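A.B. asks: here is my input, please return the structure:
(one chain, ligands or ions: 1)
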Amino acid sequence: MAASGFEEASDPLVTARSRSGLSCPSCGSAHVAQVLGDNGGVSYVCTSCGHSWS
Ligand SMILES: [Zn+2]
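C.D. replies: Prediction:
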């Protein structure tokens, strides 16, 4: 069974809430999810266009 994990829409590590002052640098959408990275860092994923950054 492949461990993709990215299709889990209800992942507890992903907070699909827009945070004040945070918007996607690619499309400008405020629908940004905060994702915990591998090394304890935090990165962001746009839920509108799929762009990710940190
Ligand atoms: Zn975007």
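
A.B. asks: now do the contacts for residue 39.
C.D. replies: If you count contacts by CB atoms under 8 Å, 6 or more residues apart in numbering, residue 39 has none. Heads up, the C-betas are built off the backbone N, CA and C, glycines and all.

A.B. asks: so which helix or strand takes in it?
C.D. replies: Counting by DSSP states H and E, no helix or strand carries residue 39.

A.B. asks: for it, report the pLDDT, please.
C.D. replies: At residue 39, the pLDDT value in this model is 83.

A.B. asks: is residue 29 part of a helix or strand, or is it coil?
C.D. replies: Under DSSP: H, G, I helix; E, B strand; the rest coil, the three-state class of residue 29 is coil.

A.B. asks: that one: how many residues sit nearby?
C.D. replies: The tally of other residues near residue 29 (other CB atoms under 10 Å) stands at 14.

A.B. asks: state the distance from it to the ion.
C.D. replies: Here residue 29 is placed at a distance of 5 Å from the ion (CB to the ion, to the nearest Å).

A.B. asks: and the gap between the closest residue to that residue other than its chain neighbours and the ion?
C.D. replies: Leaving aside its sequence neighbours, residue 29 sits nearest to residue 48 (CB to CB, 6 or more residues apart in numbering; 3.9 Å). Per CB to the ion, residue 48 is found 5 Å from the ion.
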